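Asker: missing the sequence, but the structure's below:
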């Protein structure tokens, strides 16, 4: 199958301004879409699941609701609210890079000797640190280097590569790592000296981490330099020797710095030069400071894409220009941040997801605004980046044996409800822009599969996740997980031809899920953090996502007109969480999957968190369309 971005590229080039730079795309490998023709295609919405004794209350769609603002049309209320939300995003954003000294890594350790020492002849390079362990025991280490390497812990050689090897590790899931080499060593409680010895010349570099069986960083071990060294800006000291023999440093007496016995060795240890790393932070007055709204991030992707869609409806060029500026900023600085990630080990720095590209959160979701602009011929420089995202989704994303997208966390082969939104809108845009129905087939298959695994018929809700073990029945009904599902399903229905073999099945799934959610909508119009527990807090983002489904469903004829009142009820609930300055309140922070309800109950709420802003903007857009119809 020819890459759809190769097709879109020709369209984009045709409408570029005369001075725009043009790019040529190479063809992607064959798609890994597996057996789409064999995907479930039941004509009914019968789906599996159980929840013990919980049953859903009766749906009351026809409940009357009085709109509070009687002096303005519903249309203007919605648009005014959305305008303020977007303007709050814009005023919280700047494009001024801030440079700060790099902090010592708390996860994967890295030393690149060529950044600190002149190495143009054969010789040896040493790096020294200490592992502070909270308990005695055997620890597992991940290691990578292209050089001939030896590792000593407490003066004992615990690893030797014997020959040049592999350098790069993989962060295959959030804070979970795979390394080319693994070894174990006994460490006692307290500080254990660690010495790394590399031989050769040129780019001498290594990666090292203490990890657990699931690939997470071991919380009982931390790399550091002892306070007596007076070094706070590095976990390591480095040394270079030209001796041709394999010399093992000694640790004499109370001297914690090893010295060498050969006359030809230098014994001066240096603190590596600390590089400056750049980042983009939110303005000081921003209500959300965790990361910039510009950064390549799944939540920003949903937000900026929603702004573009709203700008198209309202013909607001300023909003479109803002999104274009965000995208162009990241493209123009692509190589700089790429060097920080690969060259300086800034693996969790600004835009690191753009280079990690090892989950849907890193690939398709952040790419949404880039793909929309690119397909319109307004972002020619995004071609290769979008191609990287497309190839990841098609060829490298984790799947169950039946082809359903999954993650290797928190358990192997776990389905996350979130990921339906992270992938499906991107796939539908690829199919629509390039005319390749294979992407429609893939998205439709994922929708049906996700409901098959996650939907519970007794509650009418989706669990946050699924895993093929007893844990699956303990995973709670998190509200935003349901929101991601229903929003994603509506995006598929928007673009899927009505003649598609799965269209009616997906429409039935959509209505079944909407009815299930409405059964738990509270009197104010909100969904609760745990949908089936009214004692948990009212959550804004999931309420906005339900509002999208209700208003869009009526607008498109997927739902009867009587659902209009429920849509307006949900929208009015969202309005109560929008401050006069446009700040949206009570958005649940990012959340992993857990089997304990307490975990979800204790999650913090954030102001103007982009994890909910895209939903609020899109809900306002659909309410505007709904009101225009009426």
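Answerer: It's in. These figures come from a predicted structure and were not determined experimentally. Numbering: from 1, shown residues only.
Asker: quick one, helices of the stretch 501-630 of the chain?
Answerer: Secondary structure of the stretch 501-630 of the chain (DSSP state H, counting those that start in this stretch): helices at 503-518, 540-556, 564-575, 597-601, 610-629.
Asker: just those helices: most buried one?
Answerer: helix 540-556 (a mean of 28; mean count of other C-beta atoms under 10 Å). Placement of C-beta: from N, CA and C, glycine included.
Asker: quick check: mean pLDDT across that helix?
Answerer: When pLDDT is averaged along helix 540-556, the result is 98.
Asker: what's that helix packed up against?
Answerer: Judged by 3 or more C-beta pairs under 8 Å, 6 or more residues apart in numbering; DSSP states H and E, helix 540-556 is in contact with helix 479-495, helix 503-518, strand 527-528, helix 564-575, strand 587-588, helix 610-629.
Asker: will you turn the ones you listed into JSON lines that also has distance to residue 345?
Answerer: Formatted as JSON lines, these follow (distance: least, C-beta to C-beta, whole Å):
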{"stretch": "helix 479-495", "distance to residue 345": "32"}
{"stretch": "helix 503-518", "distance to residue 345": "43"}
{"stretch": "strand 527-528", "distance to residue 345": "41"}
{"stretch": "helix 564-575", "distance to residue 345": "42"}
{"stretch": "strand 587-588", "distance to residue 345": "32"}
{"stretch": "helix 610-629", "distance to residue 345": "27"}
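Asker: confidence-wise, which of those is weakest overall?
Answerer: helix 610-629 (a mean of 92).
Asker: and residue 365, how far is that from residue 516?
Answerer: Going from residue 365 to residue 516 by C-beta to C-beta, to the nearest Å gives 25 Å.
Asker: what's the answer for residue 95, then?
Answerer: Taking C-beta to C-beta, one finds residue 95 at 43 Å from residue 516.
Asker: hmm, residue 323 is touching residue 306, no?
Answerer: No. In this structure residue 323 lies outside contact range of residue 306 using C-beta atoms under 8 Å: 9.6 Å.
Asker: hey, what's residue 415 bridged with?
Answerer: Residues in a beta bridge with residue 415, per DSSP bridges, are residue 466.
Asker: how close does it sit to residue 404?
Answerer: 6 Å.
Asker: shared neighbours of those two, which are they?
Answerer: Common neighbours of residue 415 and residue 404, counting by C-beta atoms under 8 Å, 6 or more residues apart in numbering, are 450, 453.
Asker: ok, these two, which is more surrounded?
Answerer: Neighbour tally, residue 415 and residue 404, criterion other C-beta atoms under 10 Å: the higher count belongs to residue 415, 26 against 21.
Asker: list the contacts for the more buried one?
Answerer: Residue 415 makes contact with 400, 404-407, 450, 453-454, 465-467, according to C-beta under 8 Å, 6+ apart.
Asker: what's the nearest residue to residue 497 once chain neighbours are set aside in contact with, if anything?
Answerer: Leaving aside its chain neighbours, residue 497 sits nearest to residue 503 (6.9 Å; criterion: C-beta to C-beta, 6 or more residues apart in numbering). If a contact means C-beta under 8 Å, 6+ apart, then residue 503 has 444, 493, 496-497 as its contacts.
Asker: can you say which of those residues are buried?
Answerer: Taking 16 or more other C-beta atoms under 10 Å as the criterion, what is buried in those is 444, 493, 496.
Asker: could you dump those to a markdown table with distance to residue 153?
Answerer: Listed next are the buried ones among the contacts of residue 503 as a markdown table, based on distance: C-beta to C-beta, whole Å:
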| residue | distance to residue 153 |
| --- | --- |
| 444 | 53 |
| 493 | 58 |
| 496 | 57 |
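Asker: at the geometric centre of this structure, which residue do we find?
Answerer: The residue lying closest to the centre of the chain (C-alpha atoms, centre = their mean) is residue 361, at 3.0 Å.
Asker: correct me if wrong, but it is in a strand.
Answerer: No. Per DSSP: H, G, I helix; E, B strand; the rest coil, residue 361 lies outside any strand segment and is coil.
Asker: can you give me the helices for the stretch 351-500 of the chain?
Answerer: Using DSSP H, counting those that start in this stretch, the helices of the stretch 351-500 of the chain run over 352-356, 368-375, 383-391, 418-434, 437-454, 479-495.
Asker: can you put the ones you listed in CSV and add distance to residue 184?
Answerer: Shown next, in CSV, are the helices of the stretch 351-500 of the chain (distance: least, C-beta to C-beta, whole Å):
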stretch, distance to residue 184
helix 352-356, 27
helix 368-375, 43
helix 383-391, 36
helix 418-434, 34
helix 437-454, 37
helix 479-495, 38
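Asker: relative to residue 531, which of those is closest?
Answerer: helix 479-495 (5.1 Å; C-beta to C-beta).
Asker: just the angle for the closest one relative to helix 540-556, thanks.
Answerer: Interaxial angle of helix 479-495 relative to helix 540-556 (axes from the mean of the first three to the mean of the last three C-alpha atoms, to 10 degrees): 20 degrees.
Asker: quick one, helix 479-495 and helix 368-375 angle?
Answerer: 20 degrees.
Asker: which parts of helix 479-495 are buried?
Answerer: 479-493, 495.
Asker: one more: stretch 576-596?
Answerer: Buried-residue list, stretch 576-596, by 16+ other C-beta under 10 Å: 577-578, 582-588, 590-591, 593-595.
Asker: so what's the gap between stretch 126-141 and the chain middle?
Answerer: A distance of 31 Å separates the centroid of the chain from that of stretch 126-141, by C-alpha atoms, centre = their mean, to the nearest Å.
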